[in-house]
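Student: Compute the structure for the input listed below.
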Amino acid sequence: MTPHPRTDAPWDDQAATGKLAGSVRGPVLVAGDDGYDEERVRYQTFRPHAPALVVGAVDGEDVRLAVEFAAVHGLPVGVQATGHSPALPARTGVLISTRRMNEVRIDPVSRTARLGAGVSWQQVVTAAAPHGLAPLSGSAPHVGAVAYTLGGGLGLLARRFGYAADQVRRLGAVTVDGRLREIDADREPELFWALRGGRDNFGVVTDLDIGLVPVERLYGGALYFDGALAEEVVNAWLHWTAGVPEEMTSSLALVPLPDLPSLPPPLRGRYVVHVRIAFLGAAAEGERLAAPLRALGPRLADTLRILPYTESGTIHNDPVPPAGYSGTNAMLSGLDADAVRRVLALTGPDAPVTSIVEVRHLGGALGRAPEPANSVGNRDAAYLLAVLNRVTPRTADTVHAAHLRLTDTLAPLTTGRSLNFLYGAHATPAQVAMAYSPDDYRRLRRLKAEWDPSNLLRHNHNIPPADAPRGLLMDLRGVATPGTHSRRTGRKP
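Tutor: So this is what the prediction gives:
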């Protein structure tokens, strides 16, 4: 296979499209076809993908054929399963929809699961539960498991067991030379390191094997306080996190709730502080640890209890309906009372733009690199602060500017970014680079130049190849012509 140079020109080769459609098992769709919009617009509805072609892959061979087709024709490639956190929307090229690749296989003896590229966390949680096992899933069960894991994966059991990427044992992935590869610590170890933290910059992952943990239930739930107590509760929670064990993973969110009948009456239309707890221990110890938080004041709601892991999604209670979002984050060395005051001033109910702000307690196992190591960065951060707003084309610029004011304010405390919490226009090359140490980012760019020198795989949190022209760093929709030689394609791009 001799790939063409990458191009972003409009695609109108109907004969080539028809040939691809005759080769793959899943649908090949273009704009105007029935099902095209359903494939390209998933959870994130703001600035959705609008590719020239969508390939609804049903297996690894479909993915291989789609990548091979894109490489031969110089078309950029995007990948989407549930579509929770797309970065750059595909405006041309090939979008591979993996939602049909939704098989889950549990091996209770080895405590592992094999996940297809389109699997959601709820599928894995449900399949593992009868064996007394659980994955390192996130707060929202409807999120796609594979992209979440490849971006790091900061879940409900994170302080005890680390990032979801730390549990990856093996991957199947299609690289831009059109080969479906088995990748682990022994077979392509550099690619194994890069994919576990570098998302789909180096190949389109078709399936992965993850380790499961022996968790059936936990002590968890939420405490809701009125927003008038926000500053007091946030500072008390920060102080409280300094003394909790690794078995306690917690976070809080400052949320302007809409006045909707679907919400409990005490919460409707209010600005609230939502404290979330997931504790791996006895109920009595969980109650003791939670007591200082309960003592902060009247609760609008209190759902702390022993619950099966299958109900862990109720802790954060993240919204399920699709919507348009913009968001960014900062990994922080700490958070003091002055910074809390500034955050509330910039995002609270009296701010020009009221935002959802979430702070997650890190540390514990998150601070320890796994064996073998992966590319997940910023392990020394103490907290993750994320900001999120629903957006429309009319409000997007205003919201984006408000988010930048917040991250600028937090800059003295910021150690980096978390890849999975960068959305849309915030996912610039400079921001993506902050998800890694400088040495690791240079290593990732060298590997990108080796495995994807023409930067075909680029629509989700792009890492440009080493020696990419400055224009590519400024605008990822430019044509990449890096000068590095690729041993994978045997050519000068």
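Student: Show me where the stretch 101-250 of the chain has its helices.
Tutor: Counting by DSSP state H, counting those that start in this stretch, the stretch 101-250 of the chain has helices at residues 121-128, 145-150, 158-161, 189-198, 230-241.
Student: The stretch 351-493 of the chain now?
Tutor: 396-409, 429-433, 438-451, 470-474.
Student: In JSON lines: those, plus mean neighbour count, distance to residue 233 and mean pLDDT.
Tutor: In short, each C-beta sits where N, CA and C put it, glycine included. JSON lines is the format used below for the helices of the stretch 351-493 of the chain (neighbours: other CB atoms under 10 Å; distance: least, CB to CB, whole Å; pLDDT from 0 to 100):
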{"stretch": "helix 396-409", "mean neighbour count": "16", "distance to residue 233": "19", "mean pLDDT": "97"}
{"stretch": "helix 429-433", "mean neighbour count": "18", "distance to residue 233": "29", "mean pLDDT": "94"}
{"stretch": "helix 438-451", "mean neighbour count": "19", "distance to residue 233": "36", "mean pLDDT": "98"}
{"stretch": "helix 470-474", "mean neighbour count": "13", "distance to residue 233": "41", "mean pLDDT": "41"}
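Student: and of those, who's closest to residue 170?
Tutor: Closest to residue 170 of these, according to CB to CB: helix 438-451, at 17.7 Å.
Student: follow-up on the earlier one: can you say which of the helices of the stretch 101-250 of the chain is packed in most?
Tutor: helix 145-150 (a mean of 30; mean count of other CB atoms under 10 Å).
Student: Show the subsequent helix or strand relative to the host helix or strand of residue 66.
Tutor: Residue 66 is part of helix 60-73 when elements are defined by DSSP states H and E. With elements assigned by DSSP H and E, the helix or strand that comes after helix 60-73 is strand 77-80.
Student: same for the next helix or strand after that following strand, what does it pack against?
Tutor: Heading C-terminal from strand 77-80, the first helix or strand you meet, by DSSP H and E, is strand 94-97. The contact analysis (3 or more CB pairs under 8 Å, 6 or more residues apart in numbering; DSSP states H and E) places strand 94-97 against helix 36-40, strand 53-56, helix 60-73, strand 77-80.
Student: could you redo the last one with a cut-off of 7 Å?
Tutor: strand 53-56, helix 60-73, strand 77-80 (3 or more CB pairs under 7 Å, 6 or more residues apart in numbering; DSSP states H and E).
Student: Sheet partners, orientation included, of it?
Tutor: Strand 94-97 pairs in its sheet with strand 53-56 (parallel), strand 77-80 (parallel), by DSSP bridges.
Student: Buried deepest among these, which one?
Tutor: It is strand 77-80: most buried of the strands paired with strand 94-97 by mean count of other CB under 10 Å, with a mean of 28.
Student: Show me what the mean pLDDT comes to for that one.
Tutor: Mean per-residue pLDDT for strand 77-80: 92.
Student: just to revisit the earlier point, okay if I get the helices of the stretch 351-493 of the chain as a markdown table plus distance to residue 328?
Tutor: Formatted as a markdown table, the helices of the stretch 351-493 of the chain follow (distance: least, CB to CB, whole Å):
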| stretch | distance to residue 328 |
| --- | --- |
| helix 396-409 | 5 |
| helix 429-433 | 7 |
| helix 438-451 | 18 |
| helix 470-474 | 19 |
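Student: out of these, which comes closest to residue 179?
Tutor: Evaluated over the helices of the stretch 351-493 of the chain, closeness to residue 179 peaks at helix 438-451, with 10.8 Å, by CB to CB.
Student: CA atoms only: put that closest one into CSV for me.
Tutor: C-alpha atoms of helix 438-451 as CSV (Å, rounded to 0.1, in the frame of the first residue of the first chain):
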residue,chain,number,x,y,z
PRO,A,438,7.8,17.6,28.2
ASP,A,439,9.9,14.5,27.8
ASP,A,440,6.9,12.3,27.3
TYR,A,441,5.3,14.7,24.8
ARG,A,442,8.5,14.7,22.8
ARG,A,443,8.5,10.9,22.9
LEU,A,444,4.9,10.8,21.8
ARG,A,445,5.6,13.2,18.9
ARG,A,446,8.5,11.0,17.8
LEU,A,447,6.3,7.9,17.9
LYS,A,448,3.6,9.8,16.0
ALA,A,449,6.1,10.6,13.2
GLU,A,450,7.0,6.9,13.1
TRP,A,451,3.5,5.5,13.1
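Student: quick one, which of the helices of the stretch 351-493 of the chain is nearest to residue 188?
Tutor: For residue 188, the closest of the helices of the stretch 351-493 of the chain is helix 438-451, at 9.3 Å, according to CB to CB.
Student: quick one: the closest one to chain centroid distance?
Tutor: Helix 438-451 sits 20 Å away from the centroid of its parent chain (CA atoms, centre = their mean, to the nearest Å).
Student: Measure how that helix sits relative to helix 189-198, angle-wise.
Tutor: 120 degrees (axes from the mean of the first three to the mean of the last three CA atoms, to 10 degrees).
Student: Quick check: which helices or strands does helix 438-451 pack against?
Tutor: Using 3+ CB pairs under 7 Å, 6+ apart: helix 438-451 touches helix 189-198.
Student: and the helix it packs on, average pLDDT?
Tutor: For helix 189-198, the mean confidence score works out to 98.
Student: Any chance you could list what contacts it?
Tutor: For helix 189-198, the external contacting residues (CB atoms under 7 Å, 6 or more residues apart in numbering) are 150, 152, 165, 168, 171, 173, 183-185, 202-203, 205, 373-376, 444, 447, 451, 463.
Student: returning to what we had before: could you dump the helices and strands packed on strand 94-97 into TSV with distance to residue 134 added?
Tutor: Formatted as TSV, the helices and strands packed on strand 94-97 follow (distance: least, CB to CB, whole Å):
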stretch	distance to residue 134
strand 53-56	30
helix 60-73	27
strand 77-80	26
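Student: ok, back up a step: now the strands paired with strand 94-97 in TSV, please, with extra columns for distance to residue 253.
Tutor: Shown next, in TSV, are the strands paired with strand 94-97 (distance: least, CB to CB, whole Å):
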stretch	distance to residue 253
strand 53-56	34
strand 77-80	26
